[in-house]
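Student: here you go, sequence then predicted model.
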Amino acid sequence: MSEKIFDYIVVGAGSAGCAMAARLSENSNISVLLVEAGSKDKSMTIHMPGMIAKVVAPNKHNWNYWTEAQPHLNGRRLYWPRGKVLGGSSSINGLLYVRGHARDYDEWAQLGCKGWSFDDVLPYFKKSEGSDRPADDFHSDDGPLKTTQHTSDSPLNVAFLNAASEMGLPFTDDFNGPAQEGVGWYDQTIRGGRRQSAAQAYLREAEKRENLTILTDAQVRCVTLKGKKATGIEVTRKDRRETWHAGREVILCGGAINSPQLLQLSGIGDPADIQAVGLPVFHDLKGVGKNMQDHLDLTVYAHLKEPISYLRYKAPHRGITEMVKWMLGRPGVLSDCVTPVGAFLKTDKALERPDIQFHIMLAMADEPHGFADPHEHGYGIHICQLRPHSRGTISLTSSDPLAPAKIDPNYLSESEDLRVMREGIKVVRRLMHQHALWDLTEKEKAPFDGVDIDDDDATEEIIRQKAETIYHPVGTCAMGPADNALSVVDPELKVIGLEGLRVVDASVMPRLIGGNTNAPTIMIAEKCADMIKAGLKLEPA
């Protein structure tokens, strides 16, 4: 069993872990170890935006998780892809740069997370972002995470925007600007036709530093404790057991599934959850693994009159041409996001914030998550409910660190979530029937083809049959005041009641933000890195 000491050990090289390790290692006086269970991000499919279906579907760069059977989704188990590679889920996600609504963060502050209002977090969104927009009050053009405005010229995107205009829906030039509500183009974590994962944005430069060590293919088994202080981690690597010591802190960046699971494996959490698999309890913290929230999504598909979907690029001559264009750095299908336009809208005008999000997908798949290639020309519009009331859990299935956690999102356990999904689907179907889109459309695809838009019972049954995750789990190590039973970390992201241990990833979000979660997760890491560096008693690097 080998042993070595570092000042900081960062567990998980995903969106948060890459940013955290890079920022901490900017000070050459401190040593940082970054540990990732997956491998290096060498696969070409990771770096091609247009190949997202290949990296979302089950593969070696993916944890390939499945939920427990969901009673409110007709007993179905849902597939949960999460990145198991440098960059984590930012290496397999949909490449949309979305921050959420400003009110989301003010709500965090109202819940007792002092220092996390929108005014507090905006500087860290800007610090991380290298936008191709001009620098202004909302954007920065010199951060490491490069983002780009739209590049696609598909007629379907234009038709979507025109159909929205026919419905009288507002247009927004910037979902991350002064007004989120509206229809428009998504900013994307793409630059020069290449995916800008957290590994690409933060590690490519940082990995050259002598004070940063990156271990891949290393499975963390538990956090080691001495009394109430975290001292390091135990790792399995190349079939060997290793112990790595942290002189200052262990920082968990495993995400909403792996961070609570690792805490529980370390004896930190709800005693009932830990003792259920025969492990000893070292620290009673009942909020670990609770408070899970995720965005449930359903796609409404339609057949096209003309062969203008992405299916046309399956023809060998077109596919080869697009591959050559991508390799030469020229714009093309492989350099584009597959859901470049969308919307944030309200199902009720009286709402303070949008409660539904749309994405148009330029292909029609019979199976979600890239399980099957499209075989007919069509398109899909995703409808995502942004503010779920349902809460789920993460818990251990075994004392074996290699066994996957029990994932129970408890989707649609609150009836309001079903109602919002139903109303959002009505908006999508009415949008689809506007002239701009309907002129390109042959008919809706089953199961909605032939179903009246106002048939609530039929629509709700289809939701239970077809709804899927859109990959935004959060909340399982929730940030909050120490006197809140669900709080796991305080507003400095320190695990409550322990020393030398923090959680820094999407699991700390007390409430799910109204949008995609990659950019907010990176923001969380940027903010926490500044907190840590502000408290260091070191000479400047």
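Tutor: Okay, I see it.
Student: end to end on stretch 178-194, go ahead and measure it.
Tutor: Start-to-end span of stretch 178-194 (Cα to Cα, to the nearest Å) is 28 Å.
Student: which parts of that stretch are buried?
Tutor: Going by neighbour count (16 or more other Cβ atoms under 10 Å), the buried part of stretch 178-194 is 180-191, 193-194. Where you see a C-beta, it was placed from the backbone N, CA and C, and this is true even at glycine.
Student: distance of Arg387 relative to Thr347?
Tutor: Arg387 is 11 Å from Thr347, where distance means Cβ to Cβ, to the nearest Å.
Student: hey, what's in contact with both of the two?
Tutor: 355, 420 (Cβ atoms under 8 Å, 6 or more residues apart in numbering).
Student: so these two - more neighbours on which side?
Tutor: A direct count of neighbours by other Cβ atoms under 10 Å for Arg387 and Thr347 places Arg387 higher, at 20 against 17.
Student: who are the contact partners of the nearest residue in space to that one that is not next to it in sequence?
Tutor: Take Arg387 and drop its neighbours on the chain: the residue closest to it by Cβ to Cβ, 6 or more residues apart in numbering is Asp355, 5.3 Å away. Neighbouring residues of Asp355 by Cβ under 8 Å, 6+ apart: 345-348, 385-387, 420, 424, 514.
Student: can you read off the pLDDT for Asp355?
Tutor: If you check Asp355, the pLDDT there is 98.
Student: cool, and Thr151?
Tutor: pLDDT recorded at Thr151 is 70.
Student: thinking again about what came up before, which of the buried residues of stretch 178-194 sits closest to Val428?
Tutor: Of all the buried residues of stretch 178-194, Val428 sits closest to Val183, with 12.0 Å by Cβ to Cβ.
Student: hang on, the closest one packs against Gly168?
Tutor: No - counting by Cβ atoms under 8 Å, Val183 does not reach Gly168; the two are 10.6 Å apart.
Student: can you report how many residues lie near Gly254?
Tutor: The burial count assigned to Gly254 is 28, neighbours taken as other Cβ under 10 Å.
Student: which SSE is Ser259 in?
Tutor: Assessed by DSSP states H and E, Ser259 sits inside helix 255-265.
Student: in that helix, what counts as buried?
Tutor: Neighbour counts using 16+ other Cβ under 10 Å place 255-265 of helix 255-265 among the buried residues.
Student: right, and the pair among those with maximum separation?
Tutor: Longest span within these, Cβ to Cβ: Ala256 and Leu265, 15.7 Å.
Student: for this protein, what's the longest strand?
Tutor: Longest strand in the chain by number of residues (criterion: DSSP state E): strand 240-252.
Student: what is that one packed up against?
Tutor: strand 2-11, strand 218-226, strand 229-237, helix 255-265, strand 501-503 (3 or more Cβ pairs under 8 Å, 6 or more residues apart in numbering; DSSP states H and E).
Student: out of those, nearest to Arg76?
Tutor: Nearest of the helices and strands packed on strand 240-252 (Cβ to Cβ): helix 255-265, 18.7 Å.
Student: which strands or helices does the closest one pack on?
Tutor: strand 218-226, strand 240-252, strand 393-395.
Student: mind listing what's buried along stretch 132-148?
Tutor: Residues 133, 138-140, 143-148 are the ones in stretch 132-148 that count as buried (16+ other Cβ under 10 Å).
Student: I'd like the average pLDDT over that stretch.
Tutor: For stretch 132-148, the mean pLDDT works out to 97.
Student: mind checking the end-to-end distance for it?
Tutor: Start to finish, the residues bounding stretch 132-148 are 5 Å apart (Cα to Cα).
Student: quick one: it to chain centroid distance?
Tutor: Stretch 132-148 sits 20 Å away from the centroid of its parent chain (Cα atoms, centre = their mean, to the nearest Å).
Student: check stretch 428-440 too.
Tutor: That offset, for stretch 428-440, works out to 30 Å (Cα atoms, centre = their mean).
Student: would you mind measuring the gap between the ends of it?
Tutor: Taking Cα to Cα as the criterion, the two ends of stretch 428-440 lie 16 Å apart.
Student: same question, stretch 463-473
Tutor: Start-to-end span of stretch 463-473 (Cα to Cα) is 19 Å.
Student: now stretch 366-386
Tutor: 24 Å.
Student: show me what contacts Gln70?
Tutor: So Gln70 contacts 76-78, 409-412 (Cβ under 8 Å, 6+ apart).
Student: next one: Met364
Tutor: Counting by Cβ under 8 Å, 6+ apart, Met364 touches 301-304, 309, 311, 374, 376-380, 445.
Student: now the helices for the stretch 1-150 of the chain?
Tutor: 15-24, 44-47, 52-56, 102-110, 118-128 (DSSP state H, counting those that start in this stretch).
Student: tell me the most buried of those?
Tutor: Compared across the helices of the stretch 1-150 of the chain, helix 15-24 shows the largest average neighbour count, a mean of 31 (mean count of other Cβ atoms under 10 Å).
Student: and it with strand 2-11, angle?
Tutor: On the basis of axes from the mean of the first three to the mean of the last three Cα atoms, to 10 degrees, helix 15-24 is oriented at 110 degrees to strand 2-11.
Student: how about low-confidence regions in the stretch 401-541 of the chain?
Tutor: The stretch 401-541 of the chain contains residues with pLDDT under 70 at 537-541.
Student: could you check how far the nearest residue to Trp80 once chain neighbours are set aside is from Ala403?
Tutor: In this structure, Trp80 finds its nearest non-sequential neighbour in Tyr65, 4.0 Å apart by Cβ to Cβ, 6+ apart. Going from Tyr65 to Ala403 by Cβ to Cβ gives 12 Å.
Student: and those two? Which one has more around it.
Tutor: Just comparing Tyr65 and Ala403: by other Cβ under 10 Å the higher neighbour count belongs to Tyr65, 17 against 13.
Student: which residues touch the more buried one?
Tutor: For Tyr65, the contact set (Cβ under 8 Å, 6+ apart) comprises 79-82, 257, 404-405, 407.
Student: export the residues you listed to TSV and tack on distance to Gly370?
Tutor: Output for the contacts of Tyr65, formatted as TSV (distance: Cβ to Cβ, whole Å):
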residue	distance to Gly370
Tyr79	10
Trp80	14
Pro81	9
Arg82	14
Ile257	20
Pro404	20
Ala405	23
Ile407	20
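Student: now, among the residues you listed, which is nearest to Leu493?
Tutor: Set against Leu493, the nearest of the contacts of Tyr65 by Cβ to Cβ is Ile257 (17.8 Å).
Student: mind checking the end-to-end distance for stretch 39-58?
Tutor: 15 Å.
Student: go on, stretch 267-287?
Tutor: Span of stretch 267-287 from end to end, Cα to Cα: 13 Å.
Student: helix/strand/coil for Glu526?
Tutor: Following DSSP: H, G, I helix; E, B strand; the rest coil, we place Glu526 in the helix state.
Student: for Gly380, same thing?
Tutor: Under three-state DSSP, Gly380 comes out as strand.
Student: how near is it to Pro368?
Tutor: 10 Å.
Student: more neighbours: those two, which one.
Tutor: Comparing Gly380 with Pro368 by other Cβ under 10 Å, the one with more neighbours is Gly380, at 23 against 20.
Student: so who does the more buried one touch?
Tutor: By Cβ under 8 Å, 6+ apart, the residues touching Gly380 are 299-302, 360-361, 363-365.
Student: tell me the one of these nearest Arg430?
Tutor: Taking those together and measuring to Arg430 by Cβ to Cβ, the closest member is Val300, at 10.7 Å.
Student: the closest one should be in a strand, yeah?
Tutor: Yes - assessed by three-state DSSP, Val300 belongs to a strand.
Student: verify the contact between it and Val427 for me.
Tutor: No - assessed by Cβ under 8 Å, Val300 is found out of contact with Val427, at 10.1 Å.
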